[in-house]
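[1] Build the 3D model from these lines:
(2 chains)
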Amino acid sequence: MLNVTTPEANRAVTRGNTLDPKVVAKDVNVYYGEKQALFDVTVNIPDRGVMAFIGPSGCGKSTFLRCINRMNDTIPICRVTGKITIDDEDIYDPALDVVQLRARVGMVFQKPNPFPKSIYENVAYGPRIHGLAATKAELDHIVQSSLEKAALWKEVKDRLNDPGTGLSGGQQQRLCIARAVAVSPEVILMDEPCSALDPIATAKVEELIDELKKNFCIIIVTHSMQQAARVSQRTAFFHLGVLVEEGATNDIFTNPKDQRTQDYITGRFG
Amino acid sequence: MTVETAPMATETHAAPRIREATQARIRKRYAAERRFKAYGVAAILFGLVFLVALFSTIATRGYTAFLQSAFTLPVHLDQSAFGSSTPPSQTDIQMADYTKLANRALFQALGVDPANKADAKAAAQLLSANADVQIRQAVQADPSLIGKTIDLELLAHGNVDTLMKGHFDRSIAENRRQLSDKQLAWLDKAAASGQLAKHFNTGLFTYGASSKPETAGVGVALVGSLYMMLIVLLIAVPLGVAAAVYLEEFAPKNLLTDTIEVNINNLAAVPSIVFGLLGLAIFINFMGIPRSAALVGGLVLALMTLPTIIIATRAAVAAVPPSIREAALGVGASKMQSITHHVLPLAVPGILTGTIIGLAKALGETAPLLMIGMVAFVVDFPKTPLDASTALPVQIFMWATAAERGFVERTAGATLILLAFLICMNVTAVILRRRYERRW
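    So this is what the prediction gives:
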């Protein structure tokens, strides 16, 4: 069985309350053309913690994640109904500027995708287009603190002008996290951030997630149940476009209420 | 024998037969592979042979065009030839009888008696009709030369040039060939003394059209082609890139955009003469731009190049991985920002390659220019794109129809110049592609 009795996870159960959620989704349905990908997903996601979405491939967990920063808007045939709010603000409100939303909701992708520019430029790009720094010194400060938050500063501080694509896979992914952190988002979405990394790089990124949750609301999609158990305080299990079960990570892994969850975490399917 | 019989026989009996069949099959497979490779090599060799034949034919016929025979003569700029006033007025310099000065120098060099009318006439025929212009230009450049004797390289007549390049057949009866025995004797003497020699032919690059081969050059055609390339660059590149980026990134996918896409691809395959007709109908007849103007040619070639650039740009933009776009959108860049900051810079090498190849195609295009009157005998350099001019491939086309030996070698020579330009452009495209290869 999975080891979920870490002190971290225990504390999370008490802290991961749903009374004051950061992100609230209610009856979210997503359609790709004729095909419905998500069915009436309702979930509350707490602030300052890690929420993991698990489930077999094609279950809709990434689709749901991409609804939260409206990345699905870029797919022409995709249609979203229902309501998602961040701090009680409807993010599908037509009056809301999607560009501003994406500055508030950062995203880290499955495959590390640094811009083919220097390390410095990768991190500075977001603050620059949002006008977060008035001077070069301020920008330097943002870049440094973002790289520090992403636990990358020590490794790259002497080669900030080297191309970001020249880093190792794990460093690239942490650079992408630094890039997301640099615009001071409130929520960080991570779409299988470790699936392209080796175990050592994975451990580093997980350590980093643990550190980041003190300041951000983190939502992570993962294929690895061990990872969900290690980093998250709450877990939601998706199956065939339905949110089957959601609760404290401890409970989901040790005492699942639904048979499908039980089957999945014991490896019957998936 | 088939394998089905194997179970019937004993193992020791069947094994060798199966092994044999397997080996035969393997041998056959390798033979097929070798045959396929041989076909490929043969195809490449076949192509190479033709390419080498083509290039060597053009080169052997054309290299002589880069040399031109000229007399190096001490020309005495006699004060009396320039009127009575000192210093001579502009009109005097303009009107002076330079032919007389040139002939006098030539007669002296060849030892011809000017009093002998027949000899003098025969000797004068050996100089290019342009020799007087050459002396006049020298005097106009520096009037202080008047009264002095200067050494000048005066172009020889086309027939003399043919003789110098070894294309003249002396065995033909005297009354049927271009140069008489007497003229040949003079020329042999001049060549032996070094007064008549072949020099690098700068005139090939500076002269315009001429009915005399020794003063015909691709200068005007080069300027015309340059104007047209600039117009293509200014019109087709911005339009093409804008259209391609819109179609690739912004346009909704519906029947209309699908139709436009298909038609852009079709447009790239439209025969170029059709574009010439379009240019004739719209730019000349409807809009009233003068015929033979480089502007019309440039516009027509721009229309022709547009599909090539659009297709190349779309391919380059589509080749930028979606992860880069997502990364930009993910940090809150607008769609426009993600395109101008990330997608376009990454697509630039592809766009440049497509543009250069499109330009190279336009540079070598002849048919549409025939329709808009660029097959013209243009002597003066066009000062603006609205003046009459001609283009490099059109100049080749016109020379190819001329009979003189000098034009035959010029046809090949101009083809070499055109090929050199095309090779330069294609090499640039390859270098750009290598240099900015995918960096993601």
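
[2] Residue B:80 should be in a helix, yeah?
    Yes: counting by DSSP: H, G, I helix; E, B strand; the rest coil, residue B:80 is located in a helix.

[3] burial count for it?
    A count of nearby residues for residue B:80, using other Cβ atoms under 10 Å in any protein chain shown, gives 8. (Each C-beta comes from the backbone N, C-alpha and C, glycine too.)

[4] Roughly how far does it sit from residue B:87?
    In this view, residue B:80 and residue B:87 are 14 Å apart by Cβ to Cβ, to the nearest Å.

[5] Kindly report the same for residue B:158.
    The gap separating residue B:158 from residue B:87 is 36 Å, by Cβ to Cβ.

[6] In terms of neighbours, single out the busier of the two.
    For residue B:158 and residue B:87, the more surrounded residue by other Cβ under 10 Å is residue B:158, and the numbers stand at 22 against 11.

[7] secondary structure class for the residue nearest to residue B:293 when sequence neighbours are not counted?
    Among residues not flanking residue B:293 along the chain, residue B:386 sits closest, at 5.1 Å (Cβ to Cβ, 6 or more residues apart in numbering or on different chains). Reduced to three states with three-state DSSP, the structure at residue B:386 is coil.

[8] Surely residue B:386 is in contact with residue B:295?
    Yes: if you go by Cβ atoms under 8 Å, residue B:386 and residue B:295 touch, sitting 5.7 Å apart.

[9] Show me which parts of stretch A:30-44 are buried, residue by residue.
    Buried residues in stretch A:30-44, counting neighbours by 16 or more other Cβ atoms under 10 Å in any protein chain shown, are found at A:30, A:37, A:38, A:41, A:43, A:44.

[10] Could you dump the residues you listed into CSV and include secondary structure, pLDDT and distance to chain B?
    Below are the buried residues of stretch A:30-44 laid out as CSV (DSSP: H, G, I helix; E, B strand; the rest coil; pLDDT from 0 to 100; distance: Cβ to the nearest Cβ, whole Å):
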residue, secondary structure, pLDDT, distance to chain B
A:30, strand, 93, 18
A:37, strand, 91, 18
A:38, strand, 92, 20
A:41, strand, 92, 22
A:43, strand, 92, 22
A:44, strand, 92, 24
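
[11] Buried residues in stretch A:218-231, which are they?
    When burial is assessed from 16+ other Cβ under 10 Å, stretch A:218-231 yields the following buried residues: A:218-225, A:227-231.

[12] how about the residues of chain A near chain B?
    Within reach of chain B by Cβ under 8 Å from any Cβ of the partner chain, chain A has these residues: A:69, A:71, A:74, A:76, A:99-103, A:106-109, A:111, A:113-116, A:125-126, A:129-130, A:163, A:165, A:176, A:179-180, A:182-183.

[13] average pLDDT across the helix or strand where residue B:415 lies?
    Assigned by DSSP states H and E, residue B:415 belongs to helix B:405-435. Helix B:405-435 shows a mean pLDDT of 90.

[14] Can you confirm whether that helix lies near chain A?
    No: Helix B:405-435 lies out of reach of chain A by Cβ under 8 Å from any Cβ, never closer than 14.0 Å.

[15] Residue B:120: how many residues sit nearby?
    16.

[16] And the host helix or strand of it, what's buried?
    Element membership for residue B:120, per DSSP H and E: helix B:117-124. Buried positions in helix B:117-124, judged by neighbour count with 16+ other Cβ under 10 Å: B:119, B:120, B:122, B:123, B:124.
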